[in-house]
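Engineer: Below: sequence and its predicted model.
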Amino acid sequence: MYQLVQGVFPKVRWKKLVCNTSSAPKWLFIMMLVAHGRLYTKDRMIHWGMSVNSVCPLCESENESISHLFFQCSVSTSMWNKLLQWLGQRRQAKAWEEELTLAVNHHNGNSVAATIYRMALTGCIYYMWQERNQIVFQGKRREISDLVKRIIHDVYFRGCLKVKLTKYLTMLNYYPS
């Protein structure tokens, strides 16, 4: 009976990014919206017939969309590259779909490194969206280095709540230049 009432829904490939994770709930909520393609970006608002300036408030050079914000925008790319450097990853940021695929395929286990990677990714997504909204609604802009430090700080202290993450996080206890 329960199965009948609940219904059948397709499984999403990014479930591990938002379930049973150490990330902050608000980070996970924004991550779910991004993964579902449901953030209220300017391209979606224009599609609904709203009259808004379509330019990305972060880089002020291209039209805003989910794929642009994460990680084709020069600001978000720079931020994610610094976090990848902090994580010890020797690669550059990729487009959103590629990053999502990488996270799902290579960082979906219960290892310490995978858990911290997922925390950093969801934190980056959250703070990029928060920064975008702060620029749009308050006209305030923060430095990329300050945002990266904030994410690292939050990941570090949230991760230290779990004993198994503490040792690995102490090795990462620095800010990328």
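Structural biologist: Okay, I see it.
Engineer: Would you list the phi and psi of the residue found closest to Lys42 once you drop the neighbours it is linked to in the chain?
Structural biologist: Nearest non-adjacent residue to Lys42, counting by CB to CB, 6 or more residues apart in numbering: Glu64, 4.1 Å away. (Each C-beta comes from the backbone N, C-alpha and C, glycine too.) Torsion angles at Glu64 (phi, psi; degrees, to the nearest 10) stand at phi -80, psi 130.
Engineer: show me where this structure has strands.
Structural biologist: Using DSSP state E, no strands are found in the chain.
Engineer: so who does the most centrally placed residue in it touch?
Structural biologist: Computing the C-alpha centroid of the chain and ranking residues by CA atoms, centre = their mean puts Ile125 first, at 2.2 Å. By CB atoms under 8 Å, 6 or more residues apart in numbering, the residues touching Ile125 are Trp27, Ile30, Met31, Val34, Phe70.
Engineer: how close does it sit to Trp96?
Structural biologist: 9 Å (CB to CB, to the nearest Å).
Engineer: any low-confidence regions in this structure?
Structural biologist: Along the chain, the model assigns pLDDT under 70 to residues 1, 177.
Engineer: The same query, at a cut-off of 90, please.
Structural biologist: Filtered on pLDDT under 90, the chain yields the residue ranges 1-21, 51-52, 106-110, 167, 170-177.
Engineer: hey, which helix is longest across it?
Structural biologist: helix 112-138 (DSSP state H).
Engineer: got a list of what the residue nearest to Lys42 touches?
Structural biologist: Taking CB under 8 Å, 6+ apart as the test, what Glu64 contacts is Thr41, Lys42, Asp43, Ser54, Val55, Cys56, Pro57, Arg132.
Engineer: picking up where we left off before, now list whatever residues contact both of Ile125 and Trp96.
Structural biologist: Contacts common to Ile125 and Trp96, judged by CB under 8 Å, 6+ apart, are Val34, Phe70.
Engineer: What ranges does this structure have for its helices?
Structural biologist: 2-6, 15-18, 25-36, 42-47, 66-67, 74-86, 96-106, 112-138, 144-159, 163-171.
Engineer: Go ahead and name everything in contact with the shortest one.
Structural biologist: For helix 66-67, contacts defined as CB under 8 Å, 6+ apart pick out Val34, Gly37, Leu39, Thr41, Ala95, Trp96, Glu97.
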